[in-house]
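Novice: Need coordinates for the following:
(one chain, ligands or ions: 2)
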Amino acid sequence: MFIDIPSELEDALIDLPLPPWDLDGSALAQSTIERYQTDLAAAPRFEEIAATLHHALTREGGGYAVLRLGNLAKALGTDDGRFLRLATGFAAEVAVPFSPFPRWPLWKDIGVKVDKDPGRSSGIGYNALHMDLVNASLPPDFTTLLCLRPDPLGGGLSILSDAHAAVERLSKDCRTLLTKPAYHYGTFFDLHGVGEEYKPFPVLDGSDPGEGFVRFTAKMLERSQLATAHAHAAQELAAELVRGQVSFMLQAGDYLIVNQRRFLHGREALHSGQDSVAVPDRRLLLQLFLRARADNGPARSRRRHP
Ligand SMILES: O=C(O)CCC(=O)C(=O)O
Ligand SMILES: [Fe+2]
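Specialist: Numbers count the residues shown, from 1 in each chain. Ligands and ions are numbered 1, 2, ... in the order given. The predicted model follows:
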C-alpha cells in the first residue's frame, strides 16, 4: 500500500514550521503530539491522507503502508530536523512514538556495517521475516522505517508478509504446536515500555487476527535451540510467510509503517560490494516504534473532545 502525498499538501508541509519535539520519558510528549496534530490538520488534505493511512494499517488484510515523502525530503533536506519532524507528525497520527532503548534517541539509525552479523539490523545480509522485540511481553504495536538513502548498489529490498494469513494456511497440528510456550530468541536488556522479557513464548496466543501478535522471527530457526517438533512447526510457518511475502525497494523519503499485530517484516541482502561504498553513501534507514493508544483509534484527541 503506497500513499502519495498530494502536491498541495506537500507545498503546505514544506512551509510548515513544526517546532522541535519534547519527550516525556522515552515517549513523544502529549503536548508535542497535540501541537503537531493541530498544525498538520490545518494543511490541505492532511486529514484525508491520515485517514487513508489509518485504513491501510487496520483494514482487513491490511497492515502496512508506505508514505511517499520523497519530495518533502528533497525540498527540506534531511539534516536540520524539519523533515524528521514531519515524519514524526505522520507517525503520531497512527500511535504514540516512543523509544524502547533508554539511551538512544527517538529515531534510531540503521546504517550499514560490513563487519556486523549480516542477518541483523545494520548487517549486509538477508534479514529474515521477523517481529521487532519479539521476546518482549508487549512488543511495539507498530515498527516504522524511514528510508533516507537506499542501497546505492541496488540491494536491500524490503519484505513483508501477512502473519495471520500464513498461519491460516498451516495444518491444525502445526498451529497447535505454535501455541506452546516453546520458543525463545535473543537477549533482553535495559528496555523501556515493552513489558518484561517473555521466555519461552508461544508463537500464537489464540487471539483473533489483528488482536494478538504472531510472535515470530524466522531468525530463531538458526539462532535458537528449539525442540524438534516445535522447530518443524516454526519452519512451516517460515515457509508460508515467504510464500506470501511481498517485496519492494524503499526509495529516499519513503516511510514504511508496519502494524506488528498483522505483518512481519524483513529485508533482502544488500548488494555485494558494500565495502567499496563510502560510509556516507551507504543505505540509511531511521527506525521509530509506536505504541497504540488504548482506544486503538487515530490520535484525534482534539476531535474527540472538541
Ligand atoms: O534493513 C531493513 O530494511 C530492516 C531492518 C529491520 O527490520 C530491523 O532493524 O529491525
Ligand atoms: Fe525489524
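Novice: so where does residue 288 fall, helix or strand?
Specialist: strand 284-291 (DSSP states H and E).
Novice: Sheet-wise, list the partners of that strand with their directions.
Specialist: strand 96-98 (antiparallel), strand 108-110 (antiparallel), strand 142-149 (antiparallel) (DSSP bridges).
Novice: mind giving me JSON lines with those and columns for mean pLDDT, distance to ligand 1 and mean neighbour count?
Specialist: Backbone N, C-alpha and C define where each C-beta goes, glycine included. Output for those, formatted as JSON lines (pLDDT from 0 to 100; distance: least, C-beta to the nearest ligand atom, whole Å; neighbours: other C-beta atoms under 10 Å):
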{"stretch": "strand 96-98", "mean pLDDT": "98", "distance to ligand 1": "16", "mean neighbour count": "22"}
{"stretch": "strand 108-110", "mean pLDDT": "96", "distance to ligand 1": "5", "mean neighbour count": "17"}
{"stretch": "strand 142-149", "mean pLDDT": "98", "distance to ligand 1": "6", "mean neighbour count": "23"}
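Novice: ok now the strand holding residue 288, how far from the chain's centre?
Specialist: 6 Å (C-alpha atoms, centre = their mean, to the nearest Å).
Novice: if we look at it, which residues are touching it?
Specialist: 27, 84, 87-88, 91, 94-100, 106-112, 121, 132-133, 140-149, 193, 250, 257 (C-beta atoms under 8 Å, 6 or more residues apart in numbering).
Novice: Up against ligand 1, what does the stretch 151-300 of the chain have?
Specialist: 158, 265, 266, 267, 285 (C-beta under 6 Å from any ligand atom).
Novice: Look up the residues forming beta bridges with the third one.
Specialist: Note on residue 266: beta-bridge partners by DSSP bridges are residue 159.
Novice: Next: the last one.
Specialist: Going by DSSP bridges, residue 285 is paired in beta bridges with residue 110, residue 147.
Novice: Kindly provide the distance from it to residue 73.
Specialist: Between residue 285 and residue 73 the distance is 13 Å, computed by C-beta to C-beta, to the nearest Å.
Novice: what sits in contact with each of the two?
Specialist: Common neighbours of residue 285 and residue 73 (C-beta under 8 Å, 6+ apart) are residue 148.
Novice: Residue 34 versus the residue nearest to the spatial centre of the chain, what's the distance?
Specialist: Nearest to the mean C-alpha position of the chain, counting by C-alpha atoms, centre = their mean, stands residue 143 at 2.3 Å. Using C-beta to C-beta, residue 143 is found at 24 Å from residue 34.
Novice: quick revisit: gap between the residue nearest to the centre of the chain and residue 8?
Specialist: Counting by C-beta to C-beta, the gap from residue 143 to residue 8 is 30 Å.
Novice: same question for stretch 262-279, mean pLDDT?
Specialist: In this model, stretch 262-279 has an average pLDDT of 97.
Novice: which of the residues in that stretch are buried?
Specialist: Of the residues in stretch 262-279, those buried by neighbour count under the rule 16 or more other C-beta atoms under 10 Å are 262, 263, 264, 265, 266, 267, 268, 269, 270, 274, 277.
Novice: How about stretch 237-245?
Specialist: By neighbour count on 16+ other C-beta under 10 Å, the buried set for stretch 237-245 is 237, 238, 240, 241, 244, 245.
Novice: can you give me the offset of stretch 26-45 from its chain's centre?
Specialist: With C-alpha atoms, centre = their mean as the basis, stretch 26-45 stands 20 Å off its chain's centre.
Novice: I meant stretch 228-236, not that one.
Specialist: 26 Å.
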